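[1] got a predicted structure plus its sequence, pasted below:
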Amino acid sequence: MRPVPQRGAELALLLASLGATAAALGSASLAITGGIDPAVITYLLVIGVGSLVLHVLLRFTAPYADPILLPVATALSGLGITIIWALQMSRGSEPAHTEADRQLMWTLAGMTLCALTVLFVRRPRRLTLYTYLIALAALILLLLPLSPLGHEVLGARRWIALGPFTVQPSEFAKVLLVIFLASYLGRRREVLALVTRTFRIGGVKVFSAPRARDLAPMGVGWGLAILLLVGTKDLGTSLLLFGTFLAVLYAATARKSWVLIGLVAFSAGAYVAYLLFGHVRNRVEIWMHAFEPEVYDAPGGSFQVVEGMIALAYGGLLGTGFHAGHAQEIFASDSDLILVSVGEKLGATGLIAVLALLFLFAQRAFRIALGSRDVFLKLTALGYGFITAFDVFIVLGGATLIIPLTGMTTPFMSAGGSALMANWLIVGLLLTISETARRPQESFSAGLAPGDPATEVIDVRDVPGGAR
């Protein structure tokens, strides 16, 4: 069936998202201040104008783009600002909503970055022309925290200081690394999938492994992950990037042996880091013995994660409302543990709704991957979908002690500019990829050939008649 533009459906969903944001901001303001604070009106107007401008831009430049990504990202960003504002107002600090104002500024910057991506990356397939340049840029971003610009907070050196601002370069590096992986593995997938060594016992196949020379990409990915873990003491980003690397590698080759080798290699590296670094041992100790009094009362102990779990339990099914609860007293309740704050204020019902939106975003990325004819675009969309889903697992898993708490942020919601802008950049790339995948093509040459670098086209008009 021929694809049709769905901007009308997008507009309806966007208005619903803005309506939900207005309801959340209004409820929070009434519960905390007893009226409608002028700040919440400003938040709603800025988010509404920014998202509607993006919608109009898509109508003219990408009419066939996915209609659900923008409304979902808008709803999550609006709810994130609501929770941040409510937490800051509940603390009674002066000025009360500075962090929420800053989050609004970063949201607007992220929407602008998304718009620029849609405007200037009209043919995302051409990004493969810059495969190694993109890889170099990602590597530089990952290494920046280890430079003199690096800024350490609570044992993790993942930021750089630029005047009054701090930036987390790894958030932008992960966007570039997915593009590099999709480009490199898209070209090498057949060799990596088919050329293997088979290990047998008594003539029975036990295991298939790649050749030693084909292990280079695995070695590079593992090396970057362990470098992050050792150099910046950032277990969360290391786990996210290496998990994404394995996901894209498996999608490209369909070889389970790659995943097994990767998991064993990363586990070995993580164990060595556990033996060498006290910060990693402390995180594991908190994970294993969070409710032990000596761990709970120790400096940098399990107080944060235990209080977060109590807040989740206190929220119950329907939540305490914005005016009650104690989540605002928990360290990083507006960033690392913002899902805990959602669970307390809005209850399990609200938390499940937020998780549904986050996984809907990931599902749309996977759907875009399935609908893409080009391998590079397919692997890129899949990588971004996996990053979103795995990020949420790491955040919620750490808050509930399924895995060690890593200090990762929830996409679109947590306070902080780097992650928010990087996620809006992902929205822009997914929109332009979905536009490319769904745009009607009258013929092969109208799509990829002859100007696209994915093809090698020979003009038969230039070939002598006998050779034809």
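    That came in fine, so what should we check first?
[2] D336: which element?
    Counting by DSSP states H and E, there is no helix or strand that carries D336.
[3] any idea which residue sits dead centre in this protein?
    The residue lying closest to the centre of the chain (C-alpha atoms, centre = their mean) is T388, at 4.0 Å.
[4] for that one, phi and psi?
    Per-residue torsions, T388: phi -60, psi -50 (degrees, to the nearest 10).
[5] in what helix or strand does the residue lying closest to L11 once chain neighbours are set aside lie?
    Distances taken as C-beta to C-beta, 6 or more residues apart in numbering place H55 nearest to L11, at 6.0 Å, with adjacent residues excluded. In short, each C-beta sits where N, CA and C put it, glycine included. Using DSSP H and E, H55 falls within helix 38-61.
[6] quick check: next helix or strand after that helix?
    helix 69-91.
[7] what angle separates that following helix from helix 38-61?
    170 degrees (axes from the mean of the first three to the mean of the last three C-alpha atoms, to 10 degrees).
[8] could you check how far the closest residue to the residue nearest to the centre of the chain other than its chain neighbours is from Y43?
    Closest residue to T388 apart from its sequence neighbours, by C-beta to C-beta, 6+ apart: A362 at 4.3 Å. As judged by C-beta to C-beta, to the nearest Å, A362 and Y43 stand 26 Å apart.
[9] neighbour count winner among the two?
    Taking neighbours as other C-beta atoms under 10 Å, A362 and Y43 compare with Y43 leading, 25 against 20.
[10] ok, back up a step: can I get the helix holding H55 in CSV, CA atoms only?
    Extracted in CSV, the C-alpha atoms of helix 38-61 (Å, rounded to 0.1, in the frame of the first residue of the first chain):
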residue,chain,number,x,y,z
PRO,A,38,2.8,32.4,36.1
ALA,A,39,5.8,30.2,35.6
VAL,A,40,3.7,27.2,34.6
ILE,A,41,1.9,29.2,32.0
THR,A,42,5.3,30.2,30.5
TYR,A,43,6.4,26.6,30.5
LEU,A,44,3.3,25.5,28.6
LEU,A,45,3.5,28.3,26.1
VAL,A,46,7.2,27.7,25.3
ILE,A,47,6.8,23.9,25.0
GLY,A,48,3.6,24.4,22.9
VAL,A,49,5.1,26.9,20.5
GLY,A,50,8.3,24.9,20.1
SER,A,51,6.5,21.6,19.4
LEU,A,52,4.0,23.2,17.0
VAL,A,53,6.9,24.9,15.1
LEU,A,54,8.5,21.5,14.7
HIS,A,55,5.2,20.1,13.5
VAL,A,56,4.8,22.8,10.8
LEU,A,57,8.4,22.2,9.7
LEU,A,58,7.7,18.5,9.3
ARG,A,59,4.7,19.3,7.2
PHE,A,60,6.9,21.0,4.6
THR,A,61,10.2,19.1,4.8
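[11] other SSEs contacting it?
    With contacts taken as 3 or more C-beta pairs under 8 Å, 6 or more residues apart in numbering; DSSP states H and E, helix 38-61 sits against helix 7-33, helix 69-91, helix 98-120.
[12] relative to helix 69-91, how tilted is the longest one?
    Right, helix 7-33. Using the same axes, to 10 degrees, helix 7-33 lies at 0 degrees relative to helix 69-91.
[13] which elements pack onto helix 7-33?
    Counting by 3+ C-beta pairs under 8 Å, 6+ apart, helix 7-33 packs on helix 38-61, helix 69-91.
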